[in-house]
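> Can you look at this prediction? I've put the sequence above it.
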Amino acid sequence: MVDQFQSNIGVIGLGYVGLPTAIGFHDAGFNVWGVDVSERSVEMILRGKNPTGDPDVDDIVPQPGSDRWNITTNTGEAVPNCDVVLVTVPTPITHDLKPDLSYVSAAGRAVFEAIPKGSNTIVVLESTVYPGVTTETWLPIIEELGLVIGEDVEIAYCPERFNPGDPAHGVRQVARVIGCSNPEVGEKLVELYSKLTSEDVRYVGKLEVAEAAKVIENVQRDINIALVNELARIFPALDVDVEDVLSAAATKWNFHRYTPGVGVGGHCIPVDPYYMIQRAADVGVPAGLITAARAVNRSMPSHVAGVVTDLLWSAGVPAGDAKVLLLGWSYKAEVGDPRETPAEPLAATLIGKNISVGAWDPHIDSSLYPESVVPVDDISDAKGYDLVILVTAHKACLEIEWGDLLSKMRTPIVYDGRRVLDLDKLESMGWTTHAVGKPV
Ligand code: SAJ
């Protein structure tokens, strides 16, 4: 039975993390108050529909009728009903690659303004930030509103660890860490989150420890991917396929296998390192490795565009007349999410070289493509292309009718930007094949 103290949970922000979190607590027996600024999202959720791009959420949205499922655009209506409020709002970066904390600040203010005096409501930030953000952003608002920590409100940090498009790592299957200056509150939150996930949940001390843990999880991933991307540029020059080298190295028990690609996209991996870089800069400590890894990963789309351009010229395709088709636009397989997708700079670089670019991605609505990209709604309509780049390893991309596409190509060149295609099989069909990290 759910602990009476913590039976009312608020979730602010019902996106790819907040909605599954709200559903998870609802399924665990809690009264849930979900809030989102988007009328469209609220309306869809109230109809039992999934407004996020993650297909894993499609069939778990509670159907209308549950009296424990309250969805609204009004934070002020929801918060007074809640013992604990979780904030799962975006933490993007600005155009000059600085952390954008405006959503954290706005959501915090809306929550704190609605907290009843004396309720000691626990407010937990889940969004990815850098160490110090929760207190630096929220304490001034709490003080301005005359709220007292320990009487009216407590704040804590519990990073979301959710892997879109990966049903094995949903909110109910991932370990969690909780940071809070008040150990008693920390332990209460351990008890609460232990009702959401079957994995390990632990109190790790002050907020900054939990904030830092989350950021470095993604920094480490970005650096690891940058290593294989850098090797994917070195080994072809040595006439060696990087994938052969990585597979050989991966026979060692503690070699972590990553895969080179056309780039690193999404709202986590290419974003979070900038939070760490910013924080290091704030305290005057160099973050050279983290910065260099970002530069390597950000350079991949233009690197691939350069290789592809050379392939077109050496195949005799006249400059200014070439047509390239991108298979996949989303940043990651099996999700429909264009945020920070490497497809965008890849297409822009090719178009900048007077190459016409078409894109086909069954997970992405054509309205999301940039103006300069020609949407291909049905892959069987793709004809007259000189080169196809596999950008996103969607199952649908791997399973297209490669023979049919081949028959419609002007020049039958395929470039595997994710190292997932059976290049020998494609060669046997008549394709000329190339791939990231493979000698030309
Ligand atoms: N990528 C590569 N090579 C790799 C792995 C990924 O190029 O070996 C690219 C992907 O194509 C994609 C980008 O990196 O463009 C990010 O891929 P990702 O698998 O890391 O996917 P994300 O961004 O959804 O990361 C999520 C994150 N989860 C949370 O933030 C809760 C991240 O922390 C997880 O580590 C990651 O899932 C995961 O474990 O898969």
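Perfect, thanks for sending it.
> what about Leu196, distance to the ligand?
For Leu196, the distance to the ligand (C-beta to the nearest ligand atom, to the nearest Å) stands at 14 Å. For glycine as for every other residue, the C-beta is placed from the backbone atoms N, C-alpha and C.
> Now for Val215: which residues touch it?
128-131, 272-273, 275-276 (C-beta atoms under 8 Å, 6 or more residues apart in numbering).
> again, only using 10 Å
Listed by C-beta atoms under 10 Å, 6 or more residues apart in numbering, the contact partners of Val215 are 128-131, 133, 159, 268, 272-276, 279, 290.
> next one: Ala293
Per C-beta under 10 Å, 6+ apart, neighbours of Ala293: 219-227, 229-230, 264, 273, 287.
> hmm, try it at 8 Å
219, 222-223, 225-227, 273.
> which two in those residues are spaced the farthest apart?
Between any two of those, the greatest separation by C-beta to C-beta is 13.9 Å, found for Leu227 and Pro273.
> on that earlier part again, the ligand next: which of the contacts of Val215 are close?
Checking the contacts of Val215 against the ligand by C-beta under 6 Å from any ligand atom, the ones in range are Cys268.
> nearest to the ligand, of the contacts of Val215?
Nearest to the ligand among these is Cys268, at 3.9 Å by C-beta to the nearest ligand atom.
> and the stretch 301-440 of the chain, which residues reach the ligand?
331-332.
> residue boundaries of the strands in the stretch 301-440 of the chain?
For the stretch 301-440 of the chain, the strands defined by DSSP state E, counting those that start in this stretch occupy 323-327, 356-360, 374-375, 387-390, 413-416, 432-435.
> that older thread, most surrounded residue in the contacts of Val215?
Greatest neighbour count in the contacts of Val215, by other C-beta atoms under 10 Å, goes to Pro273: 29 neighbours.
> Settle this for me: that residue is touching Ile290, isn't it.
Yes: using C-beta atoms under 8 Å as the test, Pro273 is close enough to Ile290 to be in contact (5.1 Å).
> any shared contact partners between these two?
The overlap between the contact sets of Pro273 and Ile290 (C-beta under 8 Å, 6+ apart) consists of 219, 222.
> Dump the C-alpha coordinates for the worst-scoring helix or strand of the chain on mean pLDDT into PDB.
Ranked by mean pLDDT, DSSP states H and E, the weakest helix or strand in the chain is helix 272-282, scoring a mean of 92. Provided in PDB are the C-alpha atoms of helix 272-282 (Å, rounded to 0.1, in the frame of the first residue of the first chain):
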ATOM      1  CA  ASP A 272      25.100  17.900 -21.200                       C
ATOM      2  CA  PRO A 273      28.900  18.200 -21.800                       C
ATOM      3  CA  TYR A 274      28.300  22.000 -22.300                       C
ATOM      4  CA  TYR A 275      26.900  22.100 -18.800                       C
ATOM      5  CA  MET A 276      30.000  20.600 -17.400                       C
ATOM      6  CA  ILE A 277      32.200  22.900 -19.600                       C
ATOM      7  CA  GLN A 278      30.300  25.900 -18.400                       C
ATOM      8  CA  ARG A 279      30.700  24.900 -14.700                       C
ATOM      9  CA  ALA A 280      34.400  24.200 -15.000                       C
ATOM     10  CA  ALA A 281      34.800  27.600 -16.700                       C
ATOM     11  CA  ASP A 282      32.900  29.300 -13.900                       C
END
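> Let me know the outermost residue of the protein.
Of all residues in the chain, Gly316 sits farthest from the chain's C-alpha centroid, using C-alpha atoms, centre = their mean; the distance is 38.9 Å.
> quick one: the helices in the stretch 201-350 of the chain?
Using DSSP state H, counting those that start in this stretch, the helices of the stretch 201-350 of the chain run over 207-234, 242-249, 272-282, 288-314, 343-352.
> Check for me that Asp116 belongs to a strand.
Rather than Asp, residue 116 is Pro. No: assigned with DSSP: H, G, I helix; E, B strand; the rest coil, Pro116 falls outside any strand and is coil.
> Now the weakest link among the helices of the stretch 201-350 of the chain, please, by mean pLDDT.
Lowest mean pLDDT within those: helix 272-282, at a mean of 92.
> quick one: contacts of it?
With C-beta under 8 Å, 6+ apart as the criterion, helix 272-282 contacts 91, 93, 97-99, 128-132, 214-216, 218-219, 222, 286-287, 290-291, 293-294.
> let's go with 6 Å and repeat that
With contacts defined as C-beta atoms under 6 Å, 6 or more residues apart in numbering, helix 272-282 is touched by 93, 97, 99, 128, 130-131, 215, 218-219, 222, 287, 290-291, 294.
> of all the residues in the stretch 151-300 of the chain, which ones are close to the ligand?
Near the ligand, when you scan the stretch 151-300 of the chain using C-beta under 6 Å from any ligand atom, you find 160-164, 217-218, 221, 225, 258-259, 261, 264-266, 268-269.
> so where's this structure shaky on pLDDT?
1-6, 164 (pLDDT under 70).
> What residue spans form the domains of it?
The record's domain parsing of the chain by automatic domain parsing lists 8-206, 291-435.
> Can you give me the neighbour number for Ala382?
If we define neighbours as other C-beta under 10 Å, then Ala382 has 22 of them.
> what sits against it?
325, 376.
> how near is Ser380 to Ala114?
In this view, Ser380 and Ala114 are 53 Å apart by C-beta to C-beta, to the nearest Å.
> which of those two has more neighbours?
A count of neighbours by other C-beta under 10 Å puts Ala114 above the other of Ser380 and Ala114, at 20 against 11.
> hmm, back to that, just put the domains of the chain in CSV and tack on distance to Asp244.
Converted to CSV, those look like this (distance: least, C-beta to C-beta, whole Å):
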stretch, distance to Asp244
domain 8-206, 27
domain 291-435, 11
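> okay but Trp360 is in contact with Ile379, surely?
Yes: contact criterion C-beta atoms under 6 Å: Trp360 and Ile379 qualify, at 5.2 Å.
> before we move on, back to that, with mean neighbour count added, can I get the strands of the stretch 301-440 of the chain in a markdown table?
Output for these, formatted as a markdown table (neighbours: other C-beta atoms under 10 Å):
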| stretch | mean neighbour count |
| --- | --- |
| strand 323-327 | 26 |
| strand 356-360 | 23 |
| strand 374-375 | 16 |
| strand 387-390 | 26 |
| strand 413-416 | 24 |
| strand 432-435 | 20 |
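> Tell me which of those sits nearest to Asn70.
strand 374-375 (38.6 Å).
> The closest one pairs with which strands, parallel or anti?
When sheet partners are counted by DSSP bridges, strand 374-375 sits next to strand 356-360 (parallel).
> List of residues touching the strand it pairs with?
Counting by C-beta under 6 Å, 6+ apart, 323-326, 329, 347, 350-351, 369, 373-374, 376, 379 sit against strand 356-360.
> any idea of the angle that strand forms with strand 323-327?
Taking axes from the mean of the first three to the mean of the last three C-alpha atoms, to 10 degrees, one finds that strand 356-360 is oriented at 20 degrees with respect to strand 323-327.
> Off-centre distance for strand 356-360?
Mean-position distance between strand 356-360 and its chain equals 23 Å (C-alpha atoms, centre = their mean, to the nearest Å).
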